[in-house]
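Enquirer: Everything below, folded, please.
(one chain, ligands or ions: 2)
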Amino acid sequence: MLETTIAEIAPLDEPSMTAARLWQARLTKPAGSLGALEELSVRLAGLAGASPPPLPTPAALAIFAGDHGVHAQRVTGWPQEVTAQMVGNFLAGGAVVNAFARQAGATVTVVDVGVATPLPQPEGDPGDPAEPAGPGDVGDPAGPGAPRLVSAVVRRGTRDMTGTAALTRDETRTAVEIGIRIAGELIDAGAGILLTGDMGIANTTPAAALIAAFTGVEAAEATGRGTGVDDPTYQHKIEVVRTALRRHHPDPADPLGVLAAVGGLEHAALTGLILGAAARRVPVLLDGVIAVAAALAAVAFAPDAVGAMIAGHRSAEPGAAVALRRLGLTPLIDLGLRLGEGTGALLALPVVTGAVRVLHEVATFDSAGVVEK
Ligand SMILES: O=C(O)c1ccc[n+]([C@@H]2O[C@H](COP(=O)([O-])O)[C@@H](O)[C@H]2O)c1
Ligand SMILES: Cc1cc2nc[nH]c2cc1C
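Expert: Ligands and ions are numbered 1, 2, ... in the order given. Just a heads-up that it's a prediction; the model follows:
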């Protein structure tokens, strides 16, 4: 499935991009006055192979959740159980991501690819024995529009990358293919744009290691404070990333190997989601540092995948800026966010919709009777 998906990923369609540029020039606004939105609309035309491209709606956010063996190295101040507890919060609709998703009109799918501790049982549904265990949709207790849980556990947390590879190549491939499958299901259900989300206590450490491995920057440049660690923990976290890179010498030309050595299950699954969106020529709006680390893996698999990517925001994590530079993507918003979950992508969604709506709805100088310069 990975190989066939990669084979389907192709460059942006130049004639559609030319048509969108010519159309932009005819609209009732000074040329270039919509700044980055103009080039974004052109890229989306190239992705769709049509000008105007379809409005990016409905929007579907997928939050991949997983835990990390490197948590044992004390790289974060938060206990591992918070991953499972926040998944419970997402499903109950109480997290920041739920508030933003309701505002943006996006559906939320939470995919457990490897949470280490048991998920809290929903209120009033104490372990419904009718719900199937294992891979697949495990229910939609609160009705249509409510966040949905997909259980697709590869293993209950990765291994500690400072001692051994975080994942086997087989586990990594399974996680990537889960992401591809989720992209396909969301698109088959009608999604016009996918948004990335993640939840995983300690996952900024593998994100930093991935960014250093794919870009070649030093560990200190790729590593940030994540949820917010003190100075000694931050220095130690950089050393942990350095140790993992020295141990594994990941080869950036072998993205499956890099993800296995120093990645995480949610990073691998997000790589698959991005590849799956690119193969179906549906835009994928990237959230923070975990998403852009996965995006580096996606372009290592398929360089043309970048055509489907939109950088939602610039996370406060320094590795995010490093990754975005390498990807050649300019983030739509820059608000110092460092929450994850998909929050930055959701805030950027109306900007993307606006960029496309202009091509659909704005009058031309000719049709509106406005004289040109
Ligand atoms: O999206 C980001 O750029 C981002 C930056 C810092 C932290 N996070 C979130 O915080 C968690 C990881 O932080 P940490 O410090 O435990 O590695 C994880 O659940 C991420 O979704 C996310
Ligand atoms: C409370 C909390 C919420 C989060 N959302 C994403 N990562 C998170 C980490 C913590 C600690």
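Enquirer: Which secondary structure state is assigned to residue 56?
Expert: Classification of residue 56 using DSSP: H, G, I helix; E, B strand; the rest coil returns coil.
Enquirer: From residue 372, how far out is the residue of the stretch 51-200 of the chain found nearest ligand 1?
Expert: Proximity of the stretch 51-200 of the chain to ligand 1 (Cβ to the nearest ligand atom) peaks at residue 76, 3.3 Å away. In short, each C-beta sits where N, CA and C put it, glycine included. Taking Cβ to Cβ, to the nearest Å as the measure, residue 76 and residue 372 are separated by 57 Å.
Enquirer: More neighbours: which of those two?
Expert: In this view residue 76 and residue 372 are compared by other Cβ atoms under 10 Å, and residue 76 has more residues nearby, 24 against 11.
Enquirer: my guess is residue 36 contacts residue 333, does it?
Expert: No. Assessed by Cβ atoms under 8 Å, residue 36 is found out of contact with residue 333, at 10.6 Å.
Enquirer: For the protein, what lies in contact range of ligand 1?
Expert: 76, 78, 198-205, 226-227, 287-290, 315, 317, 320, 338-341 (Cβ under 6 Å from any ligand atom).
Enquirer: that older thread, name the residues contacting each of residue 36 and residue 333.
Expert: Counting by Cβ atoms under 8 Å, 6 or more residues apart in numbering, residue 36 and residue 333 have no contacts in common.
Enquirer: wait, what's in contact with the closest residue to residue 1 other than its chain neighbours?
Expert: Distances taken as Cβ to Cβ, 6 or more residues apart in numbering place residue 177 nearest to residue 1, at 4.9 Å, with adjacent residues excluded. Listed by Cβ under 8 Å, 6+ apart, the contact set of residue 177 reads 1, 2, 272.
Enquirer: In space, what's closest to the residue of the stretch 51-200 of the chain closest to ligand 1 - neighbours in sequence excluded?
Expert: Closest to residue 76 by Cβ to Cβ, 6+ apart is residue 202, at 4.7 Å.
Enquirer: okay, now the closest residue to residue 264 other than its chain neighbours: neighbour count?
Expert: Distance criterion Cβ to Cβ, 6+ apart; nearest residue to residue 264, sequence neighbours excluded, is residue 206 at 4.4 Å. Residues lying near residue 206 (other Cβ under 10 Å) number 33.
Enquirer: list the contacts for residue 206?
Expert: Here residue 206 is in contact with 68, 70, 158, 161, 166, 262, 263, 264, 267, 293 (Cβ under 8 Å, 6+ apart).
Enquirer: repeat that with 6 Å
Expert: 262, 263, 264 (Cβ atoms under 6 Å, 6 or more residues apart in numbering).
Enquirer: Among those, which lie within helices?
Expert: Among the contacts of residue 206, DSSP state H puts residue 262 in helices.
Enquirer: List just the nearest of the contacts of residue 206 to ligand 2.
Expert: residue 264 (13.2 Å).
Enquirer: And for residue 164, the neighbour number?
Expert: Count around residue 164 with other Cβ under 10 Å applied: 14.
Enquirer: does it sit in a helix, a strand or a coil?
Expert: Taking three-state DSSP, the label given to residue 164 is coil.
Enquirer: Over to residue 62?
Expert: Using three-state DSSP, the structure places residue 62 in strand.
Enquirer: Show me what from this structure comes close to ligand 2.
Expert: Residues of the chain lying near ligand 2 (Cβ under 6 Å from any ligand atom): 78, 82, 86, 199, 227, 339, 340, 341.
Enquirer: 5 Å instead, please
Expert: 78, 82, 340, 341 (Cβ under 5 Å from any ligand atom).
Enquirer: List the strands paired with the helix or strand hosting residue 110, with their directions.
Expert: Using DSSP states H and E, residue 110 maps to strand 106-114. Note on strand 106-114: by DSSP bridges, its sheet partners are strand 59-66 (parallel), strand 148-151 (parallel).
Enquirer: can you list contacts of stretch 244-256?
Expert: In contact with stretch 244-256 (Cβ under 6 Å, 6+ apart) are residues 161-162, 169, 172, 209, 212-214, 257-258, 261-262, 297, 300-301.
Enquirer: A helix includes residue 239, no?
Expert: Yes. Counting by three-state DSSP, residue 239 is found in a helix.
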